[in-house]
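*Asks:* let me see the structure of the following:
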Amino acid sequence: MENISGIQIVPGRASELLRALRDVNDSDIGALDPSLGAWARRPFGRETLAAILLQVSGSAWISLLNIEPAGFIAIERRATSARVRALTVAPDLRRRGCARALLAQTVTRAADQKLGWVWMDIPAGNTPAIQCALSSGFRRLLPQYLRRVAAGLVLGSAHRVLLSPLRGKNAATAIYEAAAVEGDAGDAWAAGYARMEHPGLPNPNAGSTFMAEVKGRSAGCVHLQVVGDEARVWLWLAPEVWADDLEFAILRATLNTLQRAPAVIEVRLGSGDHLRAAAQRYKAANFELAREPIARFVRATG
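*Replies:* From the prediction side, this is the model:
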């Protein structure tokens, strides 16, 4: 049994876990993983979660206040990281440090088990959960992208760019490698995590993937998806291209592969530093910053 700031953290036995589950609503249970909320809505769903699913799929821990279950955390272990699938506290016992104590215990146990990272996906509108994550040492990974309601062409001299199409395994490998290189350069704090977990990468088979060359030199990797009237572009580029005219040349060349101009253009850059470096130039081209509906929060255990 652990004691953190006067709050007891104990393994989640089925009986205590069920009591904690009954103190919160379905949306709280499924806030970080909607599949758990869906289970909670089924007949005897909470009983199944407490006795079987949360025990088998990972581990669960209970926070106790005055010997009564106040909240719980459900963790899924992966090869190099631990995912927080659920974290919730009874409404009348919130803001007393229970959630932070549960997160602190999770980070400690993950480190003991040689896992380098703890992470969770939080909806953008869940302000209390975001504040709790930030105050517990977690950081947002790529929460924003660039969006433009298309009006005219994107500036850029596309004739300087050679796009080489990739498919299947070659496309997947190119995306993973380019994302890792840009992540190392632009999100150094999470580089080890990004290389192992590949967060937020698109399905290579759901669109077109290209290697980009400028004057015979590799400039990075591009992925393009068309959804309705929207063109979604992922750019993983060499740091020397960030915010340069060549970045917009690559974007223009990518959009030129479409048969018709899209009504909306979304651009997702491969790292936080890339976004910070290029944001003003994109804004000058009538792009606006938009927020992902779900953001990943990551913390190193070391």
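*Asks:* and the residue nearest to Thr209 when sequence neighbours are not counted, how many neighbours?
*Replies:* Counting by C-beta to C-beta, 6 or more residues apart in numbering, Ala171 is the residue found nearest to Thr209 once chain neighbours are left out, at 3.8 Å. Every residue, glycine included, has its C-beta placed from N, CA and C. Here the count is done by other C-beta atoms under 10 Å, and Ala171 has 22 residues near it.
*Asks:* the one 4 residues further on too?
*Replies:* Look at Ile175: counted by other C-beta under 10 Å, it has 23 neighbours.
*Asks:* figure out the helix or strand that it lives in.
*Replies:* helix 168-186 (DSSP states H and E).
*Asks:* cool, and Leu18?
*Replies:* Per DSSP H and E, Leu18 falls inside helix 14-22.
*Asks:* just how off-centre is that helix within its chain?
*Replies:* Centre-to-centre, helix 14-22 and its host chain are 29 Å apart (C-alpha atoms, centre = their mean, to the nearest Å).
*Asks:* do you know how far the closest residue to Leu289 other than its chain neighbours is from Glu292?
*Replies:* Spatial nearest neighbour of Leu289, chain neighbours left out: Gln144 (5.2 Å); criterion: C-beta to C-beta, 6+ apart. Using C-beta to C-beta, to the nearest Å, we find Gln144 at a distance of 7 Å from Glu292.
*Asks:* show me what the helix holding Leu18 is packed against.
*Replies:* helix 45-48, strand 59-65, strand 68-77 (3 or more C-beta pairs under 8 Å, 6 or more residues apart in numbering; DSSP states H and E).
*Asks:* who are the packing partners of the next helix or strand after the longest one?
*Replies:* Downstream of strand 68-77, the next assigned helix or strand under DSSP H and E is strand 81-89. The helices and strands touching strand 81-89, judged by 3+ C-beta pairs under 8 Å, 6+ apart, are helix 26-29, strand 68-77, helix 98-112, strand 117-123, helix 191-197.
*Asks:* the second one packs against which elements?
*Replies:* In other words, strand 68-77. helix 14-22, strand 59-65, strand 81-89, helix 98-112.
*Asks:* with the shortest one instead?
*Replies:* Contact here means 3+ C-beta pairs under 8 Å, 6+ apart; on that basis helix 26-29 packs against helix 34-40, strand 81-89.
*Asks:* just those: most buried one?
*Replies:* Greatest average neighbour count among these goes to strand 81-89 (a mean of 24), per mean count of other C-beta atoms under 10 Å.
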